[in-house]
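> need a structure here:
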Amino acid sequence: MIVKNVQEILDTEREVTGEGWTSRRLLLKKDGMGFSFHETIIAAGTEHLFWYKNHLEAVYCVAGNGTIEDLATGQVHRIKDGVLYALNNHDRHVLRGGTEDMRLICAFNPPVTGRETHDSDGSYELVEE
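Predicted coordinates for the structure are as follows:
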């Protein structure tokens, strides 16, 4: 059994921060679950181009608000507490923080190792342990 407390991840190598976002990586590839599981904070008023071309991601909002824009279709969806979105087609998208920080719970397949950061096109490379 694996038990994690997000408070114990703060200020460790499992808390990765970029401009306007923080990812707290609760489960990683080395945990052997077949997916990784994260708490991600998107700062209010920020904009992020993401494209997980090597990963599938499901995201559930538990606090805050914002929008996600599908760059293939131009469709914009409101994100708020209780909304889930799944990037089932490696969808290139823009995630925008709204009037308050968004707190998102995310699962990645394949799992990340914990060392990934977004590259210039907004994706994570596949990193081997």
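
> mind listing the helices for the chain?
With DSSP state H as the criterion, the chain has helices at 6-9.

> What segments of it are strands?
Under the criterion DSSP state E, strands of the chain are mapped to 15-18, 21-27, 36-42, 47-51, 56-63, 65-70, 76-80, 84-87, 92-97, 102-109.

> And for residue 112, the neighbour number?
When counting by other CB atoms under 10 Å, one arrives at 27 neighbours for residue 112. Yep, even glycine has a C-beta here, placed from its N, CA and C like the rest.

> nearest spatial neighbour of it, skipping sequence neighbours?
residue 36 (4.6 Å; CB to CB, 6 or more residues apart in numbering).

> residues in contact with residue 14?
Residue 14 makes contact with 24-26, 28, 114 under the criterion CB atoms under 8 Å, 6 or more residues apart in numbering.

> one more time with 7 Å
By CB atoms under 7 Å, 6 or more residues apart in numbering, the contact set of residue 14 is 24-25, 114.

> Neighbour-wise, which one of those leads?
Within the contacts of residue 14, most neighbours by other CB under 10 Å means residue 25, with 28 neighbours.

> Pull up the gap between that residue and residue 3, please.
Noted for residue 25: a distance of 15 Å to residue 3, by CB to CB, to the nearest Å.

> now do residue 71
To residue 3, residue 71 is 38 Å away according to CB to CB.

> now do the same end-to-end measure for stretch 81-96.
One end of stretch 81-96 to the other measures 15 Å (CA to CA, to the nearest Å).

> contacting residues for residue 69?
The contact partners of residue 69, by CB under 7 Å, 6+ apart, come to 76, 93-94.

> Show the buried residues in these.
By neighbour count, with 16 or more other CB atoms under 10 Å, the contacts of residue 69 hold 93-94 as buried.

> Could you dump the contacts of residue 69 into TSV with distance to residue 59 and pLDDT added?
What follows is these, written out as TSV (distance: CB to CB, whole Å; pLDDT from 0 to 100):
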residue	distance to residue 59	pLDDT
76	15	98
93	10	95
94	14	97
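
> Now flag whichever of the contacts of residue 69 is closest to residue 107.
Nearest to residue 107 out of these is residue 93 (CB to CB; 16.4 Å).
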